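Trainee: give me a model of this one.
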Amino acid sequence: MNSASRKGFEMLNIALIGFLAIVVVLGWSMFNMGGGTQYASTIVGQSDTDVAISTLESTKRVAAGDLAFSSHVAALQVAAAGGGCSGDRLWYCAGQPTPPEPNEVQFCMSEKTKALFNIYAESIKNQIEGASVTKYTCAGVYDKGYDLCSVQDSSQCESWSSAGIGGSIGIDKKETDITYSGTIPTDVPSNRFWYMYYRLYKLTKENFLMRAMQQGLQANCASDQPMADRMDGALKFAIEQLQNQFDQYVECKFEYECPPSSTMTCMNEDCDTPDAKQLCYKTSGADMVGLAGLTAESAGRTDKSSLSSRDYFQVQPSARIVVECIDRKFNIPSEVGTENLRFVFRAALSGSLECRPVDTTQI
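Mentor: The predicted model follows:
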């Protein structure tokens, strides 16, 4: 066979191989197209029960997101109210520490989270066809406790868990009805509410502001300034020292409700504190975690016998102030976008005119 014939034969073989390859590819494509049609038919033929279960899982995820948002908003509201359920909570009364105990703060966080969650959950039926959510009777708010949250380093206390308890989610899809009556759990991340509360709680129990203010007064005890001016300077010093007890993200400032030159009537306060509240998630069987020994029974109220009430008379320089500590580390989701956490509390403080060492403890 001459070279021209051999070359023609090789070209024929190459063409034949190419043709066979095209046939194989076309056959493979037709087979997979048939399989794809078969798979699509399987999806279209999914049972009503499967569709209902899938819808239920989607609804639970939406509810968990609403619950986390509710806890964020509750934290902003409770922090602005000084850890209580309203904004009239005194952390120092007649110069004595009277901060809200953990049980009181947990109760307010639970109640506000529950109220907000029920509002947002009501709208889920407008978002997901066939879904309905009943009102929840309780919201669990599981903080990480005093030991982890009262220290200056917040790294172990920048989130918590919440749970919706005592409600149900229903799905109605064609001929299928299913209901989920279990707990709705969620994480609440990037929020230092409990760090701010427990840090302030620890410092208040140690009478920090009173000691710092007294230290500021003693530093100028021989000054010729009027006492009101000296106390104003001492208060500014005390708030500066308070800010130093947090990390670099926290800024503290104050304003007067009653300046040092005020009358006795402005300073007289009712030092009674609220009675302990029963936490709904205790009675619901969803036990609290991380309380470090502070429970509804052990952390409920201040001993009223050790404090005067409205019979307290101003016999030394006094002032009532509103302290605001702003945490700028995180932007917290809110109903108006995002906000920094603002922890606000009131304090009725009194100073001493004596020029003598009053406290050997370092601030």
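
Trainee: please save the CA atoms from the strand ranked longest in the chain in CSV.
Mentor: Using DSSP state E, we find that the single longest strand of the chain is strand 318-334. C-alpha atoms of strand 318-334 as CSV (Å, rounded to 0.1, in the frame of the first residue of the first chain):
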residue,chain,number,x,y,z
SER,A,318,-26.0,65.0,98.4
ALA,A,319,-27.0,64.6,94.8
ARG,A,320,-29.2,62.4,92.6
ILE,A,321,-27.7,61.6,89.2
VAL,A,322,-28.6,59.6,86.1
VAL,A,323,-25.6,57.6,84.9
GLU,A,324,-25.4,56.4,81.3
CYS,A,325,-22.8,53.8,80.1
ILE,A,326,-22.7,53.3,76.4
ASP,A,327,-21.3,50.1,74.9
ARG,A,328,-20.0,50.8,71.4
LYS,A,329,-18.6,47.4,70.6
PHE,A,330,-21.6,46.1,68.8
ASN,A,331,-24.5,47.6,66.8
ILE,A,332,-27.7,46.0,68.2
PRO,A,333,-30.6,45.2,65.8
SER,A,334,-33.6,47.4,66.8
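
Trainee: helices or strands next to that strand in the packing?
Mentor: helix 48-80, helix 193-205, helix 227-243, strand 250-258, helix 264-267, strand 337-350 (3 or more Cβ pairs under 8 Å, 6 or more residues apart in numbering; DSSP states H and E). Yep, even glycine has a C-beta here, placed from its N, CA and C like the rest.

Trainee: could these go into JSON lines alongside distance to residue 142, mean neighbour count and mean pLDDT?
Mentor: As requested, those are arranged in JSON lines below (distance: least, Cβ to Cβ, whole Å; neighbours: other Cβ atoms under 10 Å; pLDDT from 0 to 100):
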{"stretch": "helix 48-80", "distance to residue 142": "10", "mean neighbour count": "19", "mean pLDDT": "94"}
{"stretch": "helix 193-205", "distance to residue 142": "10", "mean neighbour count": "24", "mean pLDDT": "98"}
{"stretch": "helix 227-243", "distance to residue 142": "28", "mean neighbour count": "19", "mean pLDDT": "92"}
{"stretch": "strand 250-258", "distance to residue 142": "24", "mean neighbour count": "16", "mean pLDDT": "95"}
{"stretch": "helix 264-267", "distance to residue 142": "39", "mean neighbour count": "14", "mean pLDDT": "65"}
{"stretch": "strand 337-350", "distance to residue 142": "19", "mean neighbour count": "20", "mean pLDDT": "93"}
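
Trainee: can I get those in TSV with distance to residue 213?
Mentor: As requested, the helices and strands packed on strand 318-334 are exported to TSV (distance: least, Cβ to Cβ, whole Å):
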stretch	distance to residue 213
helix 48-80	23
helix 193-205	13
helix 227-243	4
strand 250-258	11
helix 264-267	15
strand 337-350	6
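
Trainee: for residue 140, find the nearest of these.
Mentor: Distance to residue 140, taken as Cβ to Cβ, is lowest for helix 48-80 among those, at 9.9 Å.

Trainee: mind listing what the next helix-or-strand element following that closest one pairs with, with the direction of each?
Mentor: Remark: after helix 48-80, the chain's next helix or strand is strand 90-93, criterion DSSP states H and E. Its sheet considered, strand 90-93 pairs with strand 96-97 (antiparallel), strand 337-350 (parallel) by DSSP bridges.

Trainee: got a list of what residue 232 touches?
Mentor: Contact analysis of residue 232 by Cβ atoms under 8 Å, 6 or more residues apart in numbering lists 259, 260.

Trainee: before we move on, what about the one 4 residues further on?
Mentor: The neighbours of residue 236, taking Cβ under 8 Å, 6+ apart as the test, are residue 216.

Trainee: look up how far residue 349 lies from it.
Mentor: 13 Å (Cβ to Cβ, to the nearest Å).

Trainee: repeat for residue 266
Mentor: To residue 349, residue 266 is 13 Å away according to Cβ to Cβ.

Trainee: quick check: neighbours shared by the two?
Mentor: Residues touching both residue 266 and residue 349 by Cβ under 8 Å, 6+ apart: residue 320.

Trainee: mind checking the helices and strands packed on strand 318-334 for the one nearest to residue 328?
Mentor: Closest approach to residue 328 among these (Cβ to Cβ): strand 337-350, 5.2 Å.
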